[in-house]
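Enquirer: Fold the stuff below for me.
(2 chains)
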Protein chains: 2
Amino acid sequence: MSIASIYEPVQEGLRMVDDKLISFARVDFPWLAEPLAYVLESSGKRVRPGITLLAGKFFQYDLDTLVPMATSIELFHNATLVHDDAVDNAMLRRGKTAVNSLWGDGVAVLLGDYLFSLAADLVCSIGNFRVMSMFAKTLTEISGGQLRETFSAYGWNQNRESYYEQIYSKTASLFAAATGTGAVLSDAPEEAVAALTSYGKNLGMAFQVIDDILDFIGNEGEMGKPVGSDLLQGTLTLPVILLMEQRPQDNIQQSLAEKPGDQEEVARVIEMVRNSSILEECYQIAGSFSSQACRDLEALPQNTSRGSLLDLADYVVERRQ
Amino acid sequence: MSIASIYEPVQEGLRMVDDKLISFARVDFPWLAEPLAYVLESSGKRVRPGITLLAGKFFQYDLDTLVPMATSIELFHNATLVHDDAVDNAMLRRGKTAVNSLWGDGVAVLLGDYLFSLAADLVCSIGNFRVMSMFAKTLTEISGGQLRETFSAYGWNQNRESYYEQIYSKTASLFAAATGTGAVLSDAPEEAVAALTSYGKNLGMAFQVIDDILDFIGNEGEMGKPVGSDLLQGTLTLPVILLMEQRPQDNIQQSLAEKPGDQEEVARVIEMVRNSSILEECYQIAGSFSSQACRDLEALPQNTSRGSLLDLADYVVERRQ
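Expert: So this is what the prediction gives:
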């Protein structure tokens, strides 16, 4: 199952989103056009605009509002990535040099702001207060969550619950906004808006758990960023949290906190995770979020879009990068 | 003439703005409450919310929409300051340690995003598409302008015209949005919206020219930031541009560019400016923007608010910090 076949029902809309994204880079100022093109033309999977369009296809599929919305969600997503990389001093993004690493942190901050502003302006142009408010609240959720993560790096109180809160803020909230806004703009009844929002949330949770697994098993070439990068930043993700649960006597959190950013210590923890059954358990957890996402769709009309969303729930769990 | 007496007609509204700003810092999470309170409780002059309220007092003075708008403008302004200080590696802001300097660049980036999101959500709550779009476009203008400034630091093509464009993006665009949104929300007729927007723009231009003068004559204690800080960043402001015009043979731009951030070179240029009539000329330019701002008000109804806006146009030119 390829991502292209999943997107088949919304192919035309996604092409329009891509055109619109690229059009933002066609500005007269080379100092602006170059970094914009660098970010917007890069080959992300476009999952978020994809689910906005798919979620918008159960009732009134109106590309005049759904295309700007999906484009805005992708601009917004790219803005958060550019800022995150500056915050984390990341070197790579999607296998390419990160903006902060290429042009400096200052440009990354301002370019992220610029992308937020384009996203906000595009949402305004749709003329729907509800999606506009969903958009603003998602930024509050994401930046608030990232602030919490920054302040709790190497912290002592990480557990499954705080992890789930964290990945909701960081990833699932934007997935939920992507499907929720698609549903609202297609004039879906309230129950369908709720179901599609919940689908987006659960899909996002599964997506992030898999991302956190891949940080332990992938290699830099496939992932486009170094293995163990979260741990090096002091961010404890699900595999380490389960390891701590299983081996409380090892004081893993303490030894990580004592040597922040220590590559050997991180490599040691990665090995402990790989030599246990923890990653299988993590896959099961991702699978249960994905199953919940599928159940969320049960009350919706049967159509090709529903088939695609079901396939996507499998795809995000099975993906290798 | 004190700023308090200028704000007299909108005293009640400004108090409500202050209460609302402080309420945002009352969140349950100490890691968020502390930096929020640090930024929002600091004693800025509240010029931008002040002019939103004053501009909103010519027709329907409706505090239910004007207070959230003015608060949003101030949140937005603080977001840009927090990001700017991170971009410029500034140590001080309003005489206090800057957020980036106290908590690190990462927190500054995320806190700025968080403040933008609060500002956006508040504008959404007003339920007026036009002010929402003005808000988004102002962020495009500001971040785009700052990107241009970053890419053209120590650049060769600075002249009066590029300087005026730059300070419009950086400062005057938000002043124009502050008065423009106030006018729109008070149901002002289109000519009055245009007049008040133009007033805001010209006031902002005067304000920034004075800021740039003060960077040459102030002292660190009064200004809350080091003297010559723009020059140290490679940003050429009006006084240096006029100096270059007067003394083309000195290759001032070249010698600054050859030693980026060199304190002695900057001190030498500051002395050259101080020993010339350039600052007087800059004051005349600020004065002409201020006079234009006053002329913009001619067609508006005579009331206490108009008196205050006229006084404010004098105040920004006469201020010493």
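Enquirer: per-residue pLDDT, A:Ser255?
Expert: In this prediction, A:Ser255 carries a pLDDT score of 81.
Enquirer: Please name the residues that touch it.
Expert: A:Glu265 (CB atoms under 8 Å, 6 or more residues apart in numbering or on different chains). For every residue, glycine as well, the C-beta is placed using N, CA and C.
Enquirer: I'd guess it is in a helix, am I close?
Expert: Yes: A:Ser255 sits within a helix when classified using DSSP: H, G, I helix; E, B strand; the rest coil.
Enquirer: measure it to chain B for me?
Expert: Look at A:Ser255 and chain B: by CB to the nearest CB, to the nearest Å, they are 24 Å apart.
Enquirer: Quick one: mean pLDDT for the helix or strand hosting A:Gln284?
Expert: Using DSSP states H and E, A:Gln284 maps to helix A:278-296. For helix A:278-296, the mean per-residue pLDDT is 97.
Enquirer: And that helix, what does it pack against?
Expert: helix A:190-217, helix A:238-246, helix A:304-318 (3 or more CB pairs under 8 Å, 6 or more residues apart in numbering or on different chains; DSSP states H and E).
Enquirer: Same list (these) but as CSV, adding distance to A:Thr71 and mean pLDDT.
Expert: Shown next, in CSV, are the helices and strands packed on helix A:278-296 (distance: least, CB to CB, whole Å; pLDDT from 0 to 100):
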stretch, distance to A:Thr71, mean pLDDT
helix A:190-217, 17, 96
helix A:238-246, 32, 93
helix A:304-318, 19, 96
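Enquirer: Need the winner for burial among the ones you listed.
Expert: helix A:190-217 (a mean of 22; mean count of other CB atoms under 10 Å in any protein chain shown).
Enquirer: how about A:Arg306, what does it touch?
Expert: A:58, A:297, A:300.
Enquirer: OK, contacts around the last one?
Expert: In this case it means A:Leu300. So A:Leu300 contacts A:58, A:192, A:195-196, A:306 (CB under 8 Å, 6+ apart).
Enquirer: repeat that for 6 Å
Expert: Contact analysis of A:Leu300 by CB atoms under 6 Å, 6 or more residues apart in numbering or on different chains lists A:58, A:306.
Enquirer: Can you check what pLDDT the model gives it?
Expert: 95.
Enquirer: In three-state terms, label it for me.
Expert: Classified using three-state DSSP, A:Leu300 is coil.
Enquirer: Now do it against B:Ile6, distance only.
Expert: 58 Å (CB to CB, to the nearest Å).
Enquirer: Could you do A:Thr171 as well?
Expert: Distance from A:Thr171 to B:Ile6, by CB to CB: 48 Å.
Enquirer: I'd like the helices and strands packed on helix A:278-296 as CSV, with distance to A:Arg148 appended.
Expert: Listed next are the helices and strands packed on helix A:278-296 as CSV, based on distance: least, CB to CB, whole Å:
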stretch, distance to A:Arg148
helix A:190-217, 15
helix A:238-246, 16
helix A:304-318, 24
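Enquirer: Give me the residues contacting stretch A:123-135.
Expert: With contacts defined as CB under 6 Å, 6+ apart, stretch A:123-135 is touched by A:65, A:68, A:72, A:177, A:180-181, A:184, B:124, B:127, B:129, B:132-133, B:136.
Enquirer: Can you list which of those are found in helices?
Expert: A:65, A:68, A:72, A:177, A:180-181, A:184, B:124, B:129, B:132-133, B:136 (DSSP state H).
Enquirer: and these, which two are the farthest apart?
Expert: Farthest apart among the ones in helices among the contacts of stretch A:123-135 by CB to CB are A:Gly180 and B:Ser133. That separation is 22.1 Å.
Enquirer: Can you show me the strands along the stretch 1-150 of chain A?
Expert: A:92-93, A:96-97 (DSSP state E, counting those that start in this stretch).
Enquirer: Quick check: which of those is buried the most?
Expert: Highest mean neighbour count among the strands of the stretch 1-150 of chain A (mean count of other CB under 10 Å): strand A:92-93, with a mean of 19.
Enquirer: what lines up beside that one in the sheet?
Expert: Strand A:92-93 pairs in its sheet with strand A:96-97 (antiparallel), by DSSP bridges.
Enquirer: Stretch A:11-25 near chain B at all?
Expert: No: using CB under 6 Å from any CB of the partner chain, stretch A:11-25 stays clear of chain B, with a minimum separation of 10.4 Å.
Enquirer: Could you list the alpha-carbon positions for that stretch in CSV?
Expert: What follows is stretch A:11-25, C-alpha atoms only, in CSV (Å, rounded to 0.1, in the frame of the first residue of the first chain):
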residue,chain,number,x,y,z
GLN,A,11,-5.2,13.7,-5.8
GLU,A,12,-6.5,16.8,-7.5
GLY,A,13,-6.9,18.8,-4.3
LEU,A,14,-3.4,17.8,-3.1
ARG,A,15,-1.9,18.9,-6.4
MET,A,16,-3.6,22.3,-5.9
VAL,A,17,-2.1,22.4,-2.4
ASP,A,18,1.3,21.8,-3.7
ASP,A,19,0.9,24.5,-6.4
LYS,A,20,-0.2,26.9,-3.8
LEU,A,21,2.7,26.1,-1.4
ILE,A,22,5.2,26.6,-4.2
SER,A,23,3.5,29.9,-5.3
PHE,A,24,4.4,31.3,-1.9
ALA,A,25,8.0,30.9,-2.7
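Enquirer: what's the average pLDDT for it?
Expert: pLDDT averaged over stretch A:11-25 gives 94.
Enquirer: ok, now stretch A:30-46?
Expert: Here stretch A:30-46 scores 85 as its mean pLDDT.
Enquirer: got it, and stretch A:152-163?
Expert: 78.
Enquirer: Quick one: end-to-end length of that stretch, please.
Expert: 11 Å (CA to CA, to the nearest Å).
Enquirer: burial of whatever residue of the stretch 201-321 of chain A ends up closest to chain B, as a residue count?
Expert: For the stretch 201-321 of chain A and chain B, the shortest gap (CB to the nearest CB) falls at A:Gln233, measuring 9.8 Å. Residues near A:Gln233, counting by other CB atoms under 10 Å in any protein chain shown, number 19.
Enquirer: For the closest residue in space to A:Gly287 that isn't next to it in sequence, give me its contacts.
Expert: Distances taken as CB to CB, 6 or more residues apart in numbering or on different chains place A:Val317 nearest to A:Gly287, at 5.8 Å, with adjacent residues excluded. Residues near A:Val317 by CB under 6 Å, 6+ apart: A:206, A:286-287, A:290.
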